[in-house]
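>>> make a model of this:
(2 chains)
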There are 2 protein chains.
Amino acid sequence: MLRQFNMPIFGTRLTLGLIEEKLKEHGLLQATTRTTIDSKSVIELGAFTIRFFQTNHSIPDCLGIVFETPKGTVVHTGDFKFDLTPVNNQTPDIHRMAEIGSKGVLVLLSESTNAERPGFTPSEKHVGDHLREAFIKAKHKIFVSTFASNVYRLQQVIDATLLTNRKLMLLGRSMVNVVRIASDQGYLHVPEGMIIEPEEADQLNRNQIAILCTGSQGEPNAALARLSTGNYRNVKVESGDTVILSASPIPGNEKSVSRIVDNLFILGANVIYGSGSATGMHVSGHGSQEELKLMLTLMKPTYFIPIHGEYRMLHQHRLLAESMGMDREDVFIINIGDVVDFSEGAPKQERKIPAGSTLVDGFGIGDVGTVILRDRKHFSEDGILVVVVTRNKADGKIISGPELISRGFVFAPEAEGLMEEASRVGLAALHQLQAENVSQWNRLKQGLKESIGQYLYSKTKRRPMILPIIMDV
Amino acid sequence: MLRQFNMPIFGTRLTLGLIEEKLKEHGLLQATTRTTIDSKSVIELGAFTIRFFQTNHSIPDCLGIVFETPKGTVVHTGDFKFDLTPVNNQTPDIHRMAEIGSKGVLVLLSESTNAERPGFTPSEKHVGDHLREAFIKAKHKIFVSTFASNVYRLQQVIDATLLTNRKLMLLGRSMVNVVRIASDQGYLHVPEGMIIEPEEADQLNRNQIAILCTGSQGEPNAALARLSTGNYRNVKVESGDTVILSASPIPGNEKSVSRIVDNLFILGANVIYGSGSATGMHVSGHGSQEELKLMLTLMKPTYFIPIHGEYRMLHQHRLLAESMGMDREDVFIINIGDVVDFSEGAPKQERKIPAGSTLVDGFGIGDVGTVILRDRKHFSEDGILVVVVTRNKADGKIISGPELISRGFVFAPEAEGLMEEASRVGLAALHQLQAENVSQWNRLKQGLKESIGQYLYSKTKRRPMILPIIMDV
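Residues are numbered from 1 along each chain as shown, chains lettered A, B, ... in the order given. Presented below is the predicted three-dimensional model:
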């Protein structure tokens, strides 16, 4: 994005610290302008005045955004919960939110991640109690896997490590980076000498070691996955070690997380896993229904756009707004690229702008389109068959072939007879077409494709992608 | 299996009814011998006497199996729970289980599906209350999606349909089959005239219609998925209709089920979804930890093999057995194909037998092996590139090519320059090899593959499968 559009970047201190790391990596640090903001900042951008309000989430310094426009005020919550006993004393600024609401909000855009969950999301402090207890009970090494960006969680692991007189190892590049940046900036308090390198662990007993690692979502190359298969270079999970998964699997990751848990049990570890609420080792960074209602109450918006979530979550968030008295026509559930226009009083939803995913493959950004994906899907299911025929340039006579080469279709040695017969079928089709005086490449290729395709389907009930190639020599 | 090994089949009445349907389909009904058994049956097979005991599960007539062998008694539970208020009065025969245990059990094989769940699985009757309530509340059509084989659940839907004076439509082939077979055999009680065809629905009001349908696991071609996208021929989900998902998504199916819920909400339906315990619309057919402990207590086995489950479940089941006083060395967690030998007193785990999955693809059974799967995976990720060269048979001179044809790699029109350059690179490699007097097909093909592969990787960072073809004409 920044290579295409050199936009100014505004962010809180930690955010910019994390972003600068990425910009360095891509050689963009010099080319960009970055401005540090905090909850008191005011930014003037054209006709807009932009202010902020403190919220809570699983990373420090989260801010909601207030866009004051000539047509009214637009509020974007960002990710939030109402943690009234936060780990860092960054209490959500409810007074400021009330003030914004009192002045009048035209549209509220509020996040919907937990719109399906009744009640109130527990405080991050809740996790600390459980971590402490597990650290005290653990007789050997203790591994904790969580999101590197969850600085509060890291702090609570560090506190439990200190309490039990352990040293702490950091595994995974993002874990090392975040701990460095967050402690440099004073967000994370790491006692001097606590962090050790894997090599230094040899001088310690197993019960003097704690390990913070990435990979809580089952990412196949992250630290936890490699530990679970015994493939981490100089750190091993041993029988009697404790492994805590301090995260809930994001929908879609359940299977890979489960496989890791299986493997850790095979190694003899005591694994604390499962959804956060059951083990107490995780709480969500997103507000549940009562918190979403609290935000709606504070902001008192005229119009409401639930954002961030699958349709069913946006729908549940809409039902919450309706339960509080909003009319359905004042709530907009929109898709990526949809525009809701407030410029002429009553909102209109008529326009669309181009938006959505851009696929990155190798060096290519956005060049993998529908045709390529469809082809990949096709031959990944049924394989591919290349059919090569050489033809005499002068008289169009077939010199050799059809020669058939397949991949991912049938195992060649066992299917020799099938391939020979398919070749004969293709040749017959070509002769038939030539007898009808058809000589165009496309028609001949089509003939090969159809005749061989039909023959193979009748014999195997599979439809490999058939690639006919005619060489004129 | 039956085509390869014509084994006698023993089954309870409903099981055989369902199996016979499948055997008919495959023309095997005449060729097989089937014997109907019940909980009182005794089967003599060689040195073995086989007896049974009544259990509960989500399908009627489930039996545990007792193998009396010269070396001792082996008990296989099958799937079970202890539902003490079952829908059909088929109470689990705890007295019989106690008797088996009293006589002595050498090995117990017990299922582990819910070994991670504390407590006791609720009774199937629990679901009936919630279904009834939802049927009474629903103002329009009501759809219930569940496993067709869950005859008790079907009965409870039928009861709620009768209570609210609705007619019932059945969508999905297996739903129609199971209802027919189970009611023919007296397992399911369907009031006369309750079942209607979709065409008959036009004469009814929306609140006089209930629909039982397949697809609760998000299967893309089942009734529910098609209903959710408006693609079911003559039945539509309309705004205000109620849709009940009376099943929990099996791990791995969460995403497809969620997509269906999203789409049903978009159609304006009131969807009751989520894990069964939350909505009350589903209970598991598998016993939780207290039930697994009850089975272990009743059977008092000398040795224990937890079965049916991922490693972590088998491990949790072992922990349960250990918590009840069993020694770890008397519990065996085994893989598919592992053999535990009890023939010489103390159990030995030394042998393996060939066992596992057989892949079926089209007409092919077991012919899709590692090579084919690896190839499919390779080109599904990076596409394929066919490189054709024609060579003079007499002097080995290259007549035409390398011609490059790609699929799923780069979009051809935009990549013309890339392909031309890759062709030149390949030709240079061939000339180089010929200058070194190399003329073997394999070496030349390898040269083409490597030179073009390296060039393309340097330009695109992708590694398409390269298929070099040399035609001698």
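
>>> CA only for contacts and neighbour counts going forward, please
Noted.

>>> low-scoring stretches of the stretch 1-150 of chain A, by residue?
Counting by pLDDT under 70, the stretch 1-150 of chain A shows no low-confidence range.

>>> what residue in it comes nearest to chain B?
A:Glu116 (9.4 Å; Cα to the nearest Cα).

>>> give me the element that residue is part of.
Element membership of A:Glu116 [criterion: DSSP states H and E] is none; it lies in no helix or strand.

>>> tell me how far it lies from A:Glu290.
Per Cα to Cα, to the nearest Å, A:Glu116 is found 11 Å from A:Glu290.

>>> please apply the same query to A:Ile266.
With Cα to Cα as the criterion, A:Ile266 and A:Glu290 are 41 Å apart.

>>> ok, now A:Ile59?
A:Ile59 is 21 Å from A:Glu290, by Cα to Cα.

>>> repeat that for A:Ala138.
Taken as Cα to Cα, the span from A:Ala138 to A:Glu290 is 36 Å.

>>> and if you look at A:Thr69?
Going from A:Thr69 to A:Glu290 by Cα to Cα gives 29 Å.

>>> ok, A:Ser400 next?
Distance of A:Ser400 to A:Glu290, given as Cα to Cα: 75 Å.

>>> swap in A:Pro306?
15 Å.

>>> quick check: A:Ile181 touching A:Ile19?
No: using Cα atoms under 8 Å, A:Ile181 is not in contact with A:Ile19; the gap is 10.6 Å.

>>> what segments of the stretch 101-250 of chain A are strands?
A:105-111, A:142-145, A:167-171, A:195-196, A:209-213, A:242-245 (DSSP state E, counting those that start in this stretch).

>>> same list (the ones you listed) but as a markdown table, adding distance to B:Phe80 and mean neighbour count.
Output for those, formatted as a markdown table (distance: least, Cα to Cα, whole Å; neighbours: other Cα atoms under 10 Å in any protein chain shown):
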| stretch | distance to B:Phe80 | mean neighbour count |
| --- | --- | --- |
| strand A:105-111 | 42 | 22 |
| strand A:142-145 | 35 | 25 |
| strand A:167-171 | 43 | 22 |
| strand A:195-196 | 50 | 16 |
| strand A:209-213 | 39 | 25 |
| strand A:242-245 | 30 | 25 |
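
>>> now tabulate those strands in JSON lines and tack on distance to chain B.
Converted to JSON lines, the strands of the stretch 101-250 of chain A look like this (distance: least, Cα to the nearest Cα, whole Å):
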{"stretch": "strand A:105-111", "distance to chain B": "17"}
{"stretch": "strand A:142-145", "distance to chain B": "18"}
{"stretch": "strand A:167-171", "distance to chain B": "24"}
{"stretch": "strand A:195-196", "distance to chain B": "32"}
{"stretch": "strand A:209-213", "distance to chain B": "21"}
{"stretch": "strand A:242-245", "distance to chain B": "14"}
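
>>> can you put these in TSV and add distance to A:Val271?
Compiled in TSV, the strands of the stretch 101-250 of chain A are given as follows (distance: least, Cα to Cα, whole Å):
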stretch	distance to A:Val271
strand A:105-111	33
strand A:142-145	9
strand A:167-171	18
strand A:195-196	23
strand A:209-213	14
strand A:242-245	5
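
>>> indicate which one of these is closest to A:Leu154.
When those are compared by Cα to Cα, strand A:209-213 sits nearest A:Leu154, at 7.9 Å.

>>> burial measure for A:Thr77, as a count.
Each residue near A:Thr77 was counted by other Cα atoms under 10 Å in any protein chain shown, and the total is 22.

>>> that older thread, got the contact list for the residue of the stretch 1-150 of chain A closest to chain B?
A:Ser288, A:Gln289, A:Met313, A:Gln316, A:His317 (Cα atoms under 8 Å, 6 or more residues apart in numbering or on different chains).

>>> could you redo the last one with a cut-off of 10 Å?
Going by Cα atoms under 10 Å, 6 or more residues apart in numbering or on different chains, A:Glu116 touches A:Ser288, A:Gln289, A:Arg312, A:Met313, A:Leu314, A:His315, A:Gln316, A:His317, A:Leu320, B:Gly274.

>>> what's the answer for A:Ile305, then?
A:76, A:107-112, A:314, A:317-318, A:330-334, A:340.

>>> how close does it sit to A:Pro347?
From A:Ile305 to A:Pro347 the distance is 12 Å (Cα to Cα).

>>> with A:Val75 instead?
In terms of Cα to Cα, A:Val75 sits 16 Å off from A:Pro347.

>>> for A:Leu418, same thing?
Look at A:Leu418 and A:Pro347: by Cα to Cα, they are 65 Å apart.

>>> flag the shaky bits of the stretch 351-473 of chain A, pLDDT-wise.
A:411-414.

>>> can you pull out the strands in it?
A:360-361, A:364-365, A:384-391, A:398-407, A:465-472.

>>> could you tell me the angle between the third one and strand B:398-407?
With axes from the mean of the first three to the mean of the last three Cα atoms, to 10 degrees defining the directions, strand A:384-391 sits at 150 degrees from strand B:398-407.

>>> partner strands of strand A:384-391, with direction?
Sheet pairing here is set by DSSP bridges, and for strand A:384-391 it gives strand A:398-407 (antiparallel), strand A:465-472 (parallel).

>>> pick the most buried one from those.
strand A:465-472 (a mean of 21; mean count of other Cα atoms under 10 Å in any protein chain shown).

>>> chain center to it: distance?
40 Å (Cα atoms, centre = their mean, to the nearest Å).

>>> and what of stretch A:420-433?
That offset, for stretch A:420-433, works out to 49 Å (Cα atoms, centre = their mean).

>>> cool, stretch A:452-470 as well?
38 Å.

>>> how far does it stretch from start to finish?
Stretch A:452-470 end-to-end distance (Cα to Cα) = 15 Å.

>>> swap in stretch A:176-195?
End-to-end for stretch A:176-195, by Cα to Cα: 10 Å.

>>> ok, now stretch A:99-114?
Start-to-end, stretch A:99-114 (Cα to Cα) is 25 Å.

>>> ditto for stretch A:278-294
For stretch A:278-294, the first-to-last residue distance is 26 Å (Cα to Cα).

>>> how far does it sit from its chain's centre?
Relative to its chain's centre, stretch A:278-294 lies at 20 Å (Cα atoms, centre = their mean).

>>> same question, stretch A:168-182
20 Å.

>>> buried set for it?
Of all the residues in stretch A:168-182, those buried under the rule 16 or more other Cα atoms under 10 Å in any protein chain shown are A:168-172, A:174-179, A:181-182.

>>> one more: stretch A:259-278?
Neighbour-count burial for stretch A:259-278 [16+ other Cα under 10 Å]: A:259-265, A:267, A:269-276.

>>> what sits against A:Glu197?
A:Lys167, A:Leu168, A:Met169, A:Leu170, A:Leu171, A:Asn234.

>>> next one, pLDDT for it please.
With respect to pLDDT, A:Glu197 has a value of 93.

>>> got a list of what the residue of the stretch 151-300 of chain A found nearest chain B touches?
In the stretch 151-300 of chain A, the residue that lies nearest chain B is A:Asp262 (4.9 Å; Cα to the nearest Cα). Applying Cα under 10 Å, 6+ apart, we find A:Asp262 in contact with A:Ser228, A:Ser256, A:Ala269, A:Val271, B:Glu310, B:Tyr311, B:Arg312, B:Met313, B:Leu314, B:His315.

>>> and the angle from the strand or helix carrying it to helix B:254-266?
If you go by DSSP H and E, A:Asp262 is part of helix A:254-266. Angle, helix A:254-266 to helix B:254-266, by the same axes, to 10 degrees: 150 degrees.
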